[in-house]
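**Q** need a 3D model of the following:
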Amino acid sequence: MDFKINLTYVITIDGYIELEKYRYLYFVVICAVYVMILCCNFTIVLIVVFQKNLHQPMYIFIAALLLNSVLCSTVIYPKLLIDFLSEKQIITYSACLFQYFMFYSLCGSEMLLLLVMACDRYVSICKPLYYQTIMSNNTVSILLAFAWLTPATHVSVVVVLSIFDKLCNLTLIGVFCNSSMKYLYCVSSTVISIYVVIVLFVIVLLPLLIIFFTYAKIIAVAYQSGGDVKRKAAQTCLPHLLVLISFTCLCSFDVVIVGLGFDFPKTVHVVMTLQMIIYQPLFNPIIYGLKMKDIYKELERLLCTVKND
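**A** Residues are numbered from 1 along each chain as shown. Next up is the predicted model:
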């Protein structure tokens with residue numbers, strides 16, 4: 001009985017600043033950002049899908065990463081837009097858990113996709129003779145499944161364990177259901193805390209170490225090789241590194257928000273939270289669109305076609 005009632009609790013979202021005064025401004029800005037995210041990411045994804053010369057593992061992984069950004073944004077933005085125009089900013093506990101699950105599953109997938117992309121570049125540059133054999137269509141499919149299913153499995157365990165914890169606070173300090181949910185519970189679960197640390201190590205820290213080690217090997221091989229290898233490494237690895245650094249910095253925001261909790265000023269809390277959901281989904285397609293030579297050529301050709309029409 002308590003289990004069913006627990007999921008029907010209504011949680012008040014209390015992270016907005018002067019919403020009554022700026023609700024329409026917030027709505028217009030966030031709606032415009034969401035449309036930009038959809039247009040920018042889908043443009044690159046569709047270019048990869050329809051251009052046969054881009055049907056290579058590197059570009060498939062880029063398309064997967066950008067699609068992942070669209071999914072993550074769609075988990076957050078529609079609810080934000082509804083809240084801006086609603087008298088009460090509320091969400092059911094079950095919907096909040098679902099949003100939490102989707103957000104962190106997709107964030108974990110982004111990190112693992114970056115890991116997969118680093119491994120792809122390592123094989124391409126350090127073992128070019130074996131690239132076609134290693135990075136076969138089956139391998140690409142397995143790596144994509146690994147990147148999307150592994151975080152979902154781990155985060156689902158956290159969500160299931162959280163359901164059995166008692167709620168003592170029904171006010172969420174934030175604009176969507178992220179790690180700030182831990183302050184809704186009467187007592188922080190030791191089991192969940194330990195498991196979250198394990199998940200962070202498996203999905204974030206360990207992949208990060210592997211990525212840096214991989215790029216260190218790529219840099220070493222490129223430095224010892226000729227100009228073509230150096231140029232290839234610079235052209236294909238630099239965008240991945242920029243996206244990785246950006247994503248890692250934004251992930252640290254979430255850790256800081258949880259660590260400081262309610263002592264965090266609301267204005268700074270909202271700004272840091274919005275950084276996580278605005279910056280990265282727009283940054284990724286811009287970086288890959290401008291820095292990846294083949295994608296840039298196709299994008300330029302598309303723009304010229306649209307302009308002539």
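
**Q** the most centrally placed residue in the chain in helix, strand or coil?
**A** For the chain, the residue nearest the mean C-alpha position is Cys107 (3.7 Å; Cα atoms, centre = their mean). Secondary structure, DSSP: H, G, I helix; E, B strand; the rest coil: Cys107 is helix.

**Q** next one: Lys88
**A** coil.

**Q** from Phe213, how far off is the residue nearest to the centre of the chain?
**A** Cys107 sits 22 Å away from Phe213, going by Cβ to Cβ, to the nearest Å. In short, each C-beta sits where N, CA and C put it, glycine included.

**Q** please, which helix or strand holds Thr12?
**A** strand 10-13 (DSSP states H and E).

**Q** C-terminal to that strand, what's the next element?
**A** helix 19-50.

**Q** now Ala233. Nearest residue, chain neighbours left out?
**A** Leaving aside its sequence neighbours, Ala233 sits nearest to Ala222 (Cβ to Cβ, 6 or more residues apart in numbering; 3.9 Å).

**Q** burial count for the one you found?
**A** 20 (other Cβ atoms under 10 Å).

**Q** OK, contacts around it?
**A** Ile125, Val229, Lys230, Lys232, Ala233, Ala234 (Cβ atoms under 8 Å, 6 or more residues apart in numbering).

**Q** wait, is the first one part of a helix?
**A** Yes: applying three-state DSSP, one finds Ile125 inside a helix.

**Q** so it is in contact with Val221, correct?
**A** Yes: judged on Cβ atoms under 8 Å, Ile125 makes contact with Val221 at a distance of 6.1 Å.

**Q** which one of those two has more residues nearby?
**A** Using other Cβ under 10 Å as the criterion, Ile125 and Val221 rank with Ile125 on top: 21 against 16.

**Q** list the residues that contact that one.
**A** Ile218, Val221, Ala222, Val229, Lys232, Ala233, Thr236, Cys237.

**Q** now, which of those residues sits nearest Tyr9?
**A** Nearest to Tyr9 among the contacts of Ile125: Cys237, at 47.4 Å, using Cβ to Cβ.

**Q** what pLDDT does the residue nearest to Ile47 when sequence neighbours are not counted get?
**A** For Ile47, ignoring the flanking residues on the chain, the nearest one in space by Cβ to Cβ, 6+ apart is Glu298 at 4.9 Å. You'll see Glu298 listed with a pLDDT of 80.

**Q** residue contacts, Glu298?
**A** Ile47, Gln51, Leu54 are the contacts of Glu298 under Cβ under 8 Å, 6+ apart.

**Q** separation between the closest residue to the last one other than its chain neighbours and Asp294?
**A** It stands for Leu54. Excluding its sequence neighbours, the residue lying closest to Leu54 (Cβ to Cβ, 6+ apart) is Val48, at 4.8 Å. Separation of Val48 from Asp294 (Cβ to Cβ): 10 Å.

**Q** list the residues that contact both of these two?
**A** Leu54, Tyr59.

**Q** could you count how many residues lie near the nearest residue to Tyr26 once chain neighbours are set aside?
**A** Closest residue to Tyr26 apart from its sequence neighbours, by Cβ to Cβ, 6+ apart: Phe84 at 4.9 Å. By other Cβ under 10 Å, 20 other residues sit near Phe84.

**Q** and if you look at Phe42?
**A** For Phe42, using other Cβ under 10 Å, the count is 16.

**Q** isn't it right up against Val70?
**A** Yes: taking Cβ under 8 Å as the definition, Phe42 is a contact partner of Val70 at 6.8 Å.

**Q** returning to that earlier point: which strands and helices sit next to the strand holding Thr12?
**A** strand 90-92, helix 93-126, strand 171-172 (3 or more Cβ pairs under 8 Å, 6 or more residues apart in numbering; DSSP states H and E).
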